[in-house]
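# Here's my sequence, what's the structure:
(4 chains)
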Protein chains: 2
Amino acid sequence: MKYVTIKDIAAALGISKSTVSRALNGDVKNVSKETLQKIVDTAASMGYRRNELAVNLRAKSNHVIGILVPEITTPFAMSFIASVQKIVSAKGYRVSIAFSNESPETERMNLEMFINSRVDGILISTCHNTANLSTYEDILQRKIPLVFFDRTIAELPVSSVRSNDYIKSFFMVEHLIMSGKRKILHIAGPNHIQNTIERTRGYRDALAKFRIPFNPELVVQCGVGVEDGSAAIEQAFQKGLDFDAVFCFTETQAFGAKRCLQEHGFAIPADVAICCMSGTILSTLVYPQITAVEQQVEEMGEVATSLLLDKINDFSAPEQTIILNAKMVIRNSTVENPPAENA
Amino acid sequence: MKYVTIKDIAAALGISKSTVSRALNGDVKNVSKETLQKIVDTAASMGYRRNELAVNLRAKSNHVIGILVPEITTPFAMSFIASVQKIVSAKGYRVSIAFSNESPETERMNLEMFINSRVDGILISTCHNTANLSTYEDILQRKIPLVFFDRTIAELPVSSVRSNDYIKSFFMVEHLIMSGKRKILHIAGPNHIQNTIERTRGYRDALAKFRIPFNPELVVQCGVGVEDGSAAIEQAFQKGLDFDAVFCFTETQAFGAKRCLQEHGFAIPADVAICCMSGTILSTLVYPQITAVEQQVEEMGEVATSLLLDKINDFSAPEQTIILNAKMVIRNSTVENPPAENA
DNA sequence: ATGAAAGCGCTAACAA
DNA sequence: TTGTTAGCGCTTTCAT
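Numbers count the residues shown, from 1 in each chain, chains lettered A, B, ... in the order given. Purely as a prediction, here's the structure:
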């Protein structure tokens, strides 16, 4: 027999299912010491394994947290997942991971899978600003706890946690300018990602602070992948644009940009500096050529998880928007107090 | 109401649950066209979502593949998971991810969680050679399909897929020697990991081929983490060991070794070269200072998954041990034919 | 302290 | 074509 059930144990001992169930759940008050011991022993010897499926069906809960991310290959996603996993596993939840692969349809499919499998809560970093609004609404109507992280949607009255894109972006560009760069190419994200706007605003305001005229030609909007970053640089060369630095929307774009620039024989950062947001501890360690703002991913994971667990415990918990802004690291220099927001 | 059930739909339409169930499963043969349409429509308008929990309890299957890895922060683990996820999600399975964190107890706990939640199959990269043998046996007795990958256990007659550690290791060390290094420090893995033995054998044989005497002092056995790698180097300095290259067991050790060496003012790879196995595409791209053998992670994921799916379809499918040996990449030079195994 | 019975939501014989 | 019934494995009143 593949799995033994409480029924089997009950039969073996000539007692009722209920008593077995109680004993196995450590109900000391309602089972005599001897029977309890007897049950626990035979359960062990028969190789009993509680069927979570049945428990969950009854409890109408899966003890699973769904995490939905646009991609899984960057250290950012990994660290976030690891951070969440660490916390919730201690509370008896498992995590189920899905990728949208930057496609709203895939995102929706996976969300529906989450709903169908009755996850207890969902953490999501969206791939599109508007495409799946109705699905989010659906989730909320079903009272499934939902928390957005990193790529959030401002219009939605839902708990979310993200970093201050504007100020970090501003600071990155300021950093480039202060290291002598003036012609900064900005590889921006697509319009359907909220963060794009804030980061581009940071870019513009930093230029303004140093009275560098804004040149729209130096802003290239494209996808967020490695190839997009590479193509953006290639395209800049085709157009004959002159630039001494590149400010990318994503890490992945930065990888592509770096690759393309190096193929063209540029030294980094001597000839062209590259910088990006979403730099994790790992990537700052790892890509010394690319200047990056360290995201406090672990903290983001902790905050998002705590928000979610709150909602799981009490769905009427207030919706909160938390913007992480505490600490930024550029290369090896730690900056505790980011520059003021007023340009 | 949070979720509507087939019972609700049946009641709303004044028909029986079974018909609703049939219709919702697209049983065209046994439901009239009109009722089917009617049912599908009201299901949609009522916001019906199939309760997988119930379906799974009945089907005694979760449609979940459990993946258990020692850690999740390296690109290796990530790419593997992503590769598996891509394949199985197309077949209607989800993946559930757990980490052993290099601890046998955690590994066992997570395996039991997998058993309890009735996963359809398990992919595991072990953290210890012998510690959990009884748990693996248990899983096999329960006829839960199990496939080992990367960190496999030779003694167990269970399907597994790994790369040829010996030959890759041999090749890496040969590569170091041919680039002029002679005093090669080997940061080995712990004895309880199978792969350690093969890799160290490759190290010794490569030395032998070039008639470089084997110096046991130059082999440091330690854990597989970043800090272990760093500590190993530190310790080598303390001992006053002289070395011009470091051959690490894991990528993570290599990161630590690199950090420590750089803190001591060494240029890499000019002063001291570092190389490691388990280098993924990403890490070779990313750590140009560290020479690495590219693992064909994606292929490993594909092979392991296919082995597992075979077992899921037919548990009596033959156990296979597959050793990936096709292609190795060092930096940017591709070597299609690794050197012969005879030293 | 223990047992009987109902039910979580769904599917699949078997009947009609 | 549709309905009735039983049951997946478990928990939990309600009796005893």
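
# Neighbours of residue A:214, how many?
12 (other CB atoms under 10 Å in any protein chain shown). C-betas here are computed from N, CA, C, even on glycine.

# Would you enumerate the residues in contact with it?
The contact partners of residue A:214, by CB atoms under 8 Å, 6 or more residues apart in numbering or on different chains, come to A:204, A:207-208.

# mind listing which of those residues are in helices?
Among the contacts of residue A:214, DSSP state H puts A:204, A:207-208 in helices.

# Out of those, flag the one nearest to residue B:85.
Nearest to residue B:85 out of the ones in helices among the contacts of residue A:214 is residue A:204 (CB to CB; 38.6 Å).

# coming back round to it: which of the ones in helices among the contacts of residue A:214 has the most neighbours?
Among the ones in helices among the contacts of residue A:214, the one with the most neighbours (other CB under 10 Å) is residue A:207, at 22 neighbours.

# So which bits of the helix or strand containing residue A:80 are buried?
Assigned by DSSP states H and E, residue A:80 belongs to helix A:75-90. The neighbour-count check on helix A:75-90 (16 or more other CB atoms under 10 Å in any protein chain shown) flags A:75-89 as buried.

# same check, this time on stretch A:186-193
For stretch A:186-193, a neighbour-count test (16+ other CB under 10 Å) marks A:186-190, A:193 as buried.

# taking the residues you listed one by one, which sit in strands?
A:186-188 (DSSP state E).

# what residues are up against the residue in the stretch 101-250 of chain A that chain B sits nearest to?
Residue nearest to chain B within the stretch 101-250 of chain A (CB to the nearest CB): residue A:117, separated by 4.4 Å. When contacts are counted by CB under 8 Å, 6+ apart, residue A:117 touches A:62, A:64, A:96, B:52-53, B:94.

# cutoff 6 Å now
residue B:52 (CB atoms under 6 Å, 6 or more residues apart in numbering or on different chains).

# where do the helices sit along the stretch 101-250 of chain A?
All helices of the stretch 101-250 of chain A, identified by DSSP state H, counting those that start in this stretch, fall at A:104-116, A:133-141, A:165-178, A:194-209, A:226-238.

# and of the ones in helices among the contacts of residue A:214, the nearest to DNA strand C?
Proximity of those to DNA strand C, judged by CB to the nearest atom of the strand, is greatest for residue A:204, which lies at 51.5 Å.

# roughly how far apart are the nearest residue to the closest one once chain neighbours are set aside and residue B:177?
Counting by CB to CB, 6 or more residues apart in numbering or on different chains, residue A:214 is the residue found nearest to residue A:204 once chain neighbours are left out, at 5.6 Å. In this view, residue A:214 and residue B:177 are 56 Å apart by CB to CB, to the nearest Å.

# Residue A:248 and residue A:190, how far apart?
13 Å.

# my read: residue A:222 touches residue A:228, true?
Yes. When contacts are counted by CB atoms under 6 Å, residue A:222 is listed as touching residue A:228 (4.4 Å).

# Of those two, which one has the most company?
Neighbours were counted for residue A:222 and for residue A:228 using other CB under 10 Å; residue A:228 has more, 22 against 19.

# Spell out which residues of the stretch 1-150 of chain A are next to DNA strand D.
The stretch 1-150 of chain A comes close to DNA strand D at residues A:3, A:5-7, A:17-18, A:21-22, A:24-25, A:48, A:50-51, A:54-55, A:57-59, as judged by CB under 7 Å from any atom of the strand.

# Does residue A:271 belong to a helix, a strand or coil?
Following DSSP: H, G, I helix; E, B strand; the rest coil, the label given to residue A:271 is coil.

# My read is that residue A:276 contacts residue A:255, right?
No. The criterion here is CB under 6 Å, and residue A:276 misses it with residue A:255 at 9.0 Å.

# Same drill for those two, tell me which one is more crowded.
Ranked by neighbour count (other CB under 10 Å), residue A:276 and residue A:255 place residue A:276 first, with 28 against 25.

# Look up how far residue A:121 lies from the closest residue to residue A:129 other than its chain neighbours.
With sequence-adjacent residues excluded and distances taken as CB to CB, 6+ apart, residue A:129 is closest to residue A:192, at 4.7 Å. Here residue A:192 is placed at a distance of 25 Å from residue A:121 (CB to CB).

# got it, and residue A:114?
Between residue A:114 and residue A:121 the distance is 9 Å, computed by CB to CB.

# Flag the shaky bits of the stretch 151-300 of chain A, pLDDT-wise.
Applying pLDDT under 70 to the stretch 151-300 of chain A picks out residues A:279-289, A:291-295.

# Can you name the residue of it nearest DNA strand D?
Closest point on the stretch 151-300 of chain A to DNA strand D, by CB to the nearest atom of the strand, is residue A:159, at 28.5 Å.

# That residue: how many residues sit nearby?
Residue A:159: 23 neighbours (other CB under 10 Å).

# give me every residue that touches it.
Each residue near residue A:159 by CB under 6 Å, 6+ apart is listed here: A:147, A:307, A:319-320.

# Close to chain B: what parts of chain A are there?
Counting by CB under 6 Å from any CB of the partner chain, the residues of chain A close to chain B are A:2, A:49-50, A:52-54, A:56-57, A:72, A:78, A:82, A:94, A:96-97, A:115-118, A:142-143, A:286.

# Skip the chain neighbours and tell me the closest residue to residue A:185.
Nearest residue to residue A:185 in three dimensions, chain neighbours excluded: residue A:243, at 4.1 Å (CB to CB, 6+ apart).

# Ok, residue A:197 next?
Closest to residue A:197 by CB to CB, 6+ apart is residue A:191, at 7.8 Å.

# For the one you found, give its distance to residue B:232.
On the measure of CB to CB, residue A:191 and residue B:232 end up 49 Å apart.

# got it, and residue A:120?
Residue A:120 sits 43 Å away from residue B:232, going by CB to CB.

# What of residue A:70?
The spacing between residue A:70 and residue B:232, counted by CB to CB, is 37 Å.

# Could you do residue A:314 as well?
According to CB to CB, residue A:314 stands 49 Å off from residue B:232.

# In terms of neighbours, single out the busier of those two.
residue B:232 (24 against 10).

# and the more buried one, what does it touch?
Contacts of residue B:232 by CB under 6 Å, 6+ apart are B:187, B:220, B:222.

# of those, closest to chain A?
The shortest approach to chain A among the contacts of residue B:232 belongs to residue B:187, at 18.5 Å (CB to the nearest CB).

# Now tabulate the ones in helices among the contacts of residue A:214 in TSV and tack on distance to residue A:259.
Formatted as TSV, the ones in helices among the contacts of residue A:214 follow (distance: CB to CB, whole Å):
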residue	distance to residue A:259
A:204	27
A:207	26
A:208	31
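
# The contacts of residue A:159 in strands, which ones?
Taking DSSP E as the definition of strands, those contribute residue A:147.
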